[in-house]
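[1] Quick one, structure for this:
(one chain, ligands or ions: 1)
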Amino acid sequence: MTELKNDRYLRALLKQPVDRTPIWMMRQAGRYLPEYRATRAQAGDFMSLCKNAELACEVTLQPLRRYDLDAAILFSDILTIPDAMGLGLYFETGEGPKFERKADSMAAIEKLAIPDPEDELGYVMNAVNTIRRELKGEVPLIGFSGSPWTLATYMVEGGSSKTFEKIKKMAYSEPKALHLLLDKLADSVILYLNAQVANGAQSLMIFDSWGGALSHNAYREFSLPYMQKIVDGLTRHADGRQVPVTLFTKGGGLWLEAMAETGCDALGLDWTVDIGDARRRVGEKVALQGNMDPSVLYGTPERIEQEVKSILASYGNGSGHVFNLGHGIHQHVDPEHAKAFIDSVVKHSGQYHK
Ligand code: 1CP
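    Below is the predicted model of the structure:
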């Protein structure tokens, strides 16, 4: 295996000393970049781009050519698992993801099989292998999946939702069916993430993008235990290094202590919490990733720099912070503003690591 040239991201997740705060951006490969739009047009639709290892690798590397980023993230999607379970994922222009079939009854859920990551999801493993080879040890590769709860929202609703009406109805009227679905998803995610590690992923992130839609009690019944099951089932070492695991519940700011108890290495923070408060609350247990509001990137480079300085100061001295946005970068952000953001972190973070 090639020696990793820049391991600041992995070191920060494990709270080991670093020379400056590492940075990457959620959705760093995406529609705000003209070169992404060109490659996407070449591939045709979004899933064809995910299924073509060379093109998926190309879009993964595009942001790294422009910016001083400390990690690459596999170009794929969280919805590959429900697709591989047979639900038939498709994207309607401008409308987001949709499924041909739903998992909205006990009968439908009982029929779902756990996908073999090297077979139905073999295209993702090809992409992981190709990207890892082409990265040539420059920066680590992040593998990822959705959390069982977040994946289930798409599977029960049949696509994106704002109200989560169908899945909440299932949670309170047919909880056994929902628990069976979540359990099958946790098993699927464990196999899938371990296969990503076997194929070259050096760190793992679990996106619980819709955990924040749950009540305090429902989060502890329907989301957290299944992330706990995943954390317990993951391969934590590869290539002689630890494989750090980051949990991100968007809207989960009130539940950080409980999340830190799972044994994960880091928590992703959205922009609703103060990162310094979060650090005091979780103590030495976990590292923190985040947490600038992606909308700040609509501001001037000066405004962006000011926000970066404030987040760095709030976290304070020492390792354990991975700079990121609190959610994915917006489609209409000027790529030059993303550059101003990343450059500000590079410029101002060294002083916190003396
Ligand atoms: O038109 C296009 O080109 C498709 C837009 C797009 C992109 C660029 C989708 C469809 N997925 C992706 C890539 C993607 N998705 C990555 C790639 C790596 C990177 O970060 O650069 C990752 C990590 C994801 C993960 C993902 N997909 C999440 C979790 C993170 C988050 O943003 O909360 C979720 C919820 C999805 C579902 C999904 N896939 C695509 C869209 C537009 C959505 C969101 C739909 C919704 O709001 O419900």
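
[2] Contact residues of the stretch 151-300 of the chain facing the ligand?
    Those residues of the stretch 151-300 of the chain that sit near the ligand, judged by C-beta under 6 Å from any ligand atom, are 160, 207, 209. Where you see a C-beta, it was placed from the backbone N, CA and C, and this is true even at glycine.

[3] residues near the last one, how many?
    Neighbour count of Ser209, defined by other C-beta atoms under 10 Å: 22.

[4] Could I get the pLDDT score of it?
    Predicted confidence (pLDDT) for Ser209: 98.

[5] Report how many residues lie close to the spatially closest residue to Lys285 that is not a sequence neighbour.
    Computed as C-beta to C-beta, 6 or more residues apart in numbering, the closest residue to Lys285 that is not its neighbour in sequence is Ala260, at 4.4 Å. When neighbours are defined as other C-beta under 10 Å, Ala260 has 21 of them.

[6] before we move on, back to that, please list the members of the residues of the stretch 151-300 of the chain next to the ligand that lie in strands.
    In this view, these that belong to strands under DSSP state E are Phe207.

[7] Just read off the phi/psi values of the residue nearest to Tyr226 when sequence neighbours are not counted.
    Leaving aside its sequence neighbours, Tyr226 sits nearest to Pro148 (C-beta to C-beta, 6+ apart; 3.9 Å). Main-chain torsions, Pro148, degrees, to the nearest 10: phi -50, psi -50.

[8] What of Val243?
    According to degrees, to the nearest 10, Val243 has phi -100, psi 100.

[9] Need the per-residue pLDDT for it.
    Looking at Val243, its pLDDT reads 98.

[10] give the contact list for Leu121.
    80-81, 84, 115, 192, 195 (C-beta atoms under 8 Å, 6 or more residues apart in numbering).

[11] who wins for most neighbours among those residues?
    Result: Ile81 is most packed of the contacts of Leu121 (other C-beta under 10 Å), 28 neighbours.

[12] how near is that residue to Glu174?
    Using C-beta to C-beta, to the nearest Å, Ile81 is found at 22 Å from Glu174.

[13] need the contacts of Leu121 in CSV with secondary structure, pLDDT and distance to Arg40, can you?
    As requested, these are exported to CSV (DSSP: H, G, I helix; E, B strand; the rest coil; pLDDT from 0 to 100; distance: C-beta to C-beta, whole Å):
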residue, secondary structure, pLDDT, distance to Arg40
Thr80, helix, 98, 17
Ile81, helix, 98, 22
Ala84, helix, 98, 22
Pro115, coil, 98, 25
Tyr192, helix, 98, 24
Ala195, helix, 98, 26
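
[14] The ligand: which of the residues you listed is nearest?
    Nearest to the ligand among these, counting by C-beta to the nearest ligand atom, is Thr80 at 9.5 Å.

[15] Strands of this protein, start to end?
    72-73, 89-92, 96-99, 141-146, 203-208, 237-238, 241-242, 245-249, 266-268, 287-292, 321-325.

[16] Please identify which of these is closest to Lys169.
    When the strands of the chain are compared by C-beta to C-beta, strand 96-99 sits nearest Lys169, at 17.5 Å.

[17] counting contacts, what elements does the closest one pack onto?
    strand 89-92, helix 148-157 (3 or more C-beta pairs under 8 Å, 6 or more residues apart in numbering; DSSP states H and E).

[18] mean pLDDT for those: which is lowest?
    For the helices and strands packed on strand 96-99, the weakest mean pLDDT is recorded on strand 89-92, namely a mean of 90.

[19] is it true that Lys101 touches Met85?
    Let me fix one detail, which is that residue 101 is Arg and not Lys. No - with contact defined as C-beta atoms under 8 Å, Arg101 does not reach Met85; the gap is 9.6 Å.

[20] what is in contact with those two at once?
    Residues touching both Arg101 and Met85 (C-beta under 8 Å, 6+ apart): none.

[21] With neighbour numbers in mind, choose between the two.
    Using other C-beta under 10 Å as the criterion, Arg101 and Met85 rank with Met85 on top: 25 against 14.

[22] Give the buried residues for stretch 291-308.
    Using 16 or more other C-beta atoms under 10 Å as the test for burial, stretch 291-308 gives 291-294, 296-297, 299, 301, 304-305, 307-308.

[23] Just name the closest of those to the ligand, please.
    Pro294 (10.0 Å).

[24] Grab the nearest non-local neighbour of the residue of the stretch 51-200 of the chain found nearest the ligand.
    Closest approach between the stretch 51-200 of the chain and the ligand, counting by C-beta to the nearest ligand atom: Ser160, at 3.1 Å. Counting by C-beta to C-beta, 6+ apart, Gly96 is the residue found nearest to Ser160 once chain neighbours are left out, at 4.5 Å.
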